[in-house]
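Peer 1: pasting the sequence and the predicted model now:
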Amino acid sequence: MKRMLFIYNPNAGTGRLKPKLAEVLDIFTKGGYEVTAYPTQKRYDAVEKIQESGNKYDLIVCSGGDGTLDETVTGMQLCDCKVPLGYIPAGTTNDFATSLGIPKDIIEAAETAVNGMVFPCDVGMFGDDYFAYIAAFGLFTDVSYATDQNVKNVLGHLAYILEGAKRVFNIPSYKVKVTHDGEVIEDEFIFGMVTNSRSVGGFKGIIGPEIVFDDGVFEVTLIKTPKNAMELNELLGAIVMKQLDSKRMYSFKTGEIKFESVEEIPWTRDGEFGGVHREVVVKNRKRAVQIKVRSEVAEGLSVNVGKQESKKMQKM
């Protein structure tokens with residue numbers, strides 16, 4: 001019998017997993033797995049558990065929010081664990097699951113974890129740490145980890161909006177030197193993010209079109225500091241309308257990027273606090289995690305889509 005390590009956060013989201021837990025375990029068992037279930041007890045618990053025993057299993061499945069996924073991916077990278085990863089999203093926003101087309105329904109996601117197709121997905125390196133889909137600094141990036149978990153459980157996504165509203169009139173600005181692919185950018189920014197996602201903060205399409213997950217590059221978005229309230233309103237309007245404003249934003253793709261600043265900048269990784277740094281190098285680890293997705297959406301996630309489109313254009 002195959003062995004599965006099932007790591008889950010019992011406090012994630014609104015407790016969506018708990019009433020379905022028996023049914024989820026039944027799906028795993030019927031799928032031919034001997035299951036070791038491990039409810040996380042503290043921060044970094046998933047990292048430690050996977051480092052301790054992750055390579056003893058044929059499949060690792062995690063359930064929780066983006067933070068639980070981040071810890072699972074980090075643990076697997078640290079111990080060079082090559083087994084497939086299943087993900088059952090049970091958090092408040094679940095950006096990465098949305099981007100990969102992993103079902104929001106707990107039971108459907110459990111079935112995907114067992115019977116889905118393995119998709120080789122890029123992973124981010126943030127200095128010596130890792131992230132699944134986003135590393136960011138600046139405006140609102142502390143909302144996800146600064147919002148009380150009990151409030152998240154009661155209010156859901158609204159809790160993030162309310163917490164973020166408190167920060168509109170206290171916008172930090174950072175002077176940053178950004179180096180990538182031989183190019184240097186020096187400017188003042190209120191926000192910056194390095195992503196491998198089609199959804200950020202619950203908003204789809206904010207990063208732009210043609211995003212795939214196995215191409216070895218990230219999408220980078222840097223938002224310049226507005227000079228006055230009118231510019232800020234125009235900027236926020238562009239973000240809400242999912243429009244890239246070239247006068248106020250930098251947007252590009254890269255496999256490696258370096259950030260340098262005079263002052264320490266607080267970062268977030270996958271919605272969790274990523275420390276304060278004056279210098280950070282972010283690298284893409286191409287196809288470093290084998291994540292289970294639905295077979296019908298796997299093709300649309302891959303760089304091969306772009307190649308197929310190019311071939312179609314050549315034939316025309």
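Peer 2: Looks like it arrived, so ask away.
Peer 1: now stretch 220-240: average pLDDT?
Peer 2: On average, the pLDDT along stretch 220-240 is 76.
Peer 1: who's in contact with it?
Peer 2: 138-139, 171, 173, 176, 178, 180, 185, 187-195, 206-207, 244-245, 248-254, 257 (C-beta atoms under 8 Å, 6 or more residues apart in numbering). C-beta coordinates here come from the backbone N, C-alpha and C atoms, glycine included.
Peer 1: for it, the distance to its chain's centre please.
Peer 2: Its chain's C-alpha centre and that of stretch 220-240 lie 23 Å apart, by C-alpha atoms, centre = their mean, to the nearest Å.
Peer 1: picking up where we left off before, in ChimeraX, select just the buried ones from the contacts of stretch 220-240.
Peer 2: Remark: buried members of the contacts of stretch 220-240, expressed as a ChimeraX selection using 16 or more other C-beta atoms under 10 Å:
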select :138,139,176,178,180,189,190,191,192,193,194,195,206,207,245,248,249,250,252,253,254,257
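Peer 1: which is the next helix or strand following the helix or strand hosting Leu21?
Peer 2: Assigned by DSSP states H and E, Leu21 belongs to helix 21-30. Later in the chain than helix 21-30, the nearest helix or strand by DSSP H and E is strand 33-39.
Peer 1: and that following strand, how far out from the chain's middle?
Peer 2: Centroid separation for strand 33-39 versus its chain: 24 Å, with C-alpha atoms, centre = their mean.
Peer 1: ok, it: who's next to it in the sheet?
Peer 2: The pairing partners recorded for strand 33-39 under DSSP bridges are strand 2-8 (parallel).
Peer 1: quick check: angle from the strand it pairs with to helix 21-30?
Peer 2: Counting by axes from the mean of the first three to the mean of the last three C-alpha atoms, to 10 degrees, strand 2-8 lies at 160 degrees to helix 21-30.
Peer 1: show me what counts as buried in the helix holding Leu21.
Peer 2: In helix 21-30, counting by 16+ other C-beta under 10 Å, buried: 21, 24-25, 27-28.
Peer 1: packing partners for the longest strand along the chain?
Peer 2: In the chain, taking DSSP state E as the definition, the longest strand is strand 272-293. Judged by 3 or more C-beta pairs under 8 Å, 6 or more residues apart in numbering; DSSP states H and E, the packing partners of strand 272-293 are helix 66-78, strand 85-89, helix 106-115, strand 117-126, strand 129-131, strand 134-138, helix 143-146, strand 256-269.
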